[in-house]
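Trainee: Model the structure of this input:
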Amino acid sequence: MSYSVGHVAGLAGVTVRTLHHYDEIGLLSPSERSHAGHRRYGDEDLDRLQQILFYRELGFPLDQVKVLLDDPGVDPQEHLRRQHSLLADRIEQLQKMATAVEQAMEAKKMGINLTPEERFEVFGDEDPAQYEEEAEQRWGGTDAWAESRRKTASYTKEDWLRIRAEADGWTRRMIALIESGAEPTSEAAMDMAEEHRQQICQYHYTCTHEIHSCLAEMFVADERFTRNIDKAKPGLAAYMSEAMIANALRHL
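Mentor: Predicted coordinates for the structure are as follows:
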């Protein structure tokens, strides 16, 4: 069974000119010729063409493809194993790129105008953009959401680093308070909770005591919040939650 150059071009999704070029450089020479001198491709030629197209898709230049395919020490099965490994690596890279693009899109929606490198520098592996869709579904129509979007849209990397440093400092002082033996309902703990609320008001949105108490409940009800907060110290989320609720009650 043999095929014309036009038929092969159609099967492979390449142009006739491409097949002529492959023949001219010795990359893919048809195994047969018709009585009129026209190129005719057999099954082995199609197998080789498939290998060529695989390597081309992976970014290999034609001269390197020729060297790989003409290596007598490599059988066809080895080519397939190599291509499978390369494709798996590429898929992983593309998935990472797609994730980065998605996070960039979500960050833009949230008003976080930072490059991926800057977001990593500021947030590490805790990129807030990953919760954007869920947050918008919950609070997208609220005044607090609109206010937060408006404020954060103007923040630079330096602004975010300053906010992060202030939050980290607060966390260290809260941990020190826990380790001192202070109860979460103590004046000192409630004062720390009030400071936490004020930080939200200053940098994100008007956080009333009612809203702050709702956040406190989320810190212990949603294991994602608990796990993230407790990275600093096991039990921190529960302590914060109790202090925040106690602080809300003394102001209401």
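Trainee: where exactly do the strands run in the stretch 151-252 of the chain?
Mentor: Along the stretch 151-252 of the chain, counting by DSSP state E, counting those that start in this stretch, no stretch forms strands.
Trainee: Run through the stretch 151-252 of the chain and note the low-pLDDT ranges.
Mentor: Within the stretch 151-252 of the chain, no stretch has pLDDT under 70.
Trainee: just checking, residue 87 touches residue 58?
Mentor: Yes. Contact status for residue 87 versus residue 58: in contact at 7.0 Å, counting by Cβ atoms under 8 Å. From N, CA and C alone the C-beta is placed, and that goes for glycine too.
Trainee: and the gap between residue 166 and residue 244?
Mentor: For residue 166, the distance to residue 244 equals 18 Å [Cβ to Cβ, to the nearest Å].
Trainee: So which of these two has more stuff around it?
Mentor: With neighbours defined as other Cβ atoms under 10 Å, residue 166 and residue 244 compare such that residue 244 has more, 26 against 14.
Trainee: The more buried one contacts residue 196, correct?
Mentor: Yes. Judged on Cβ under 8 Å, residue 244 makes contact with residue 196 at a distance of 7.0 Å.
Trainee: Between those two, which contacts overlap?
Mentor: Residues touching both residue 244 and residue 196 (Cβ atoms under 8 Å, 6 or more residues apart in numbering): residue 212.
Trainee: how close does the residue lying farthest from the centre of the chain sit to residue 70?
Mentor: The C-alpha centroid of the chain is most remote from residue 35, which lies 57.6 Å away (Cα atoms, centre = their mean). Distance of residue 35 to residue 70, computed by Cβ to Cβ: 29 Å.
Trainee: Looks to me like the residue farthest from the centre of the chain is in a strand.
Mentor: No. In this structure, residue 35 is coil, not part of a strand, as judged by DSSP: H, G, I helix; E, B strand; the rest coil.
Trainee: and residue 241, how far is that from residue 174?
Mentor: 12 Å.
Trainee: For the closest residue to residue 151 other than its chain neighbours, list the residues it contacts.
Mentor: With Cβ to Cβ, 6 or more residues apart in numbering as the criterion, residue 151 has its nearest non-adjacent residue at 6.3 Å, and that residue is residue 204. By Cβ under 8 Å, 6+ apart, the residues touching residue 204 are 147, 148, 151, 152.
Trainee: So which of the residues you listed sit within helices?
Mentor: Among the contacts of residue 204, the members falling in helices (DSSP state H) are 147, 148, 151, 152.
Trainee: now, which of these sits nearest residue 224?
Mentor: Ranked by distance to residue 224 (Cβ to Cβ), the ones in helices among the contacts of residue 204 are led by residue 148 at 19.2 Å.
Trainee: surely the closest one meets residue 207?
Mentor: No. Residue 148 is beyond contact range of residue 207, at 9.9 Å (criterion: Cβ under 8 Å).
Trainee: outside of stretch 196-203, which residues touch it?
Mentor: Counting contacts by Cβ under 8 Å, 6+ apart, the residues outside stretch 196-203 that touch it are 151, 163, 166, 167, 170, 207, 209, 212, 240, 244, 247.
Trainee: The same query, at a cut-off of 10 Å, please.
Mentor: 144, 147-148, 151-152, 155, 159-160, 162-163, 166-167, 170-171, 174, 206-209, 211-213, 215-216, 240, 243-244, 247-248, 251 (Cβ atoms under 10 Å, 6 or more residues apart in numbering).
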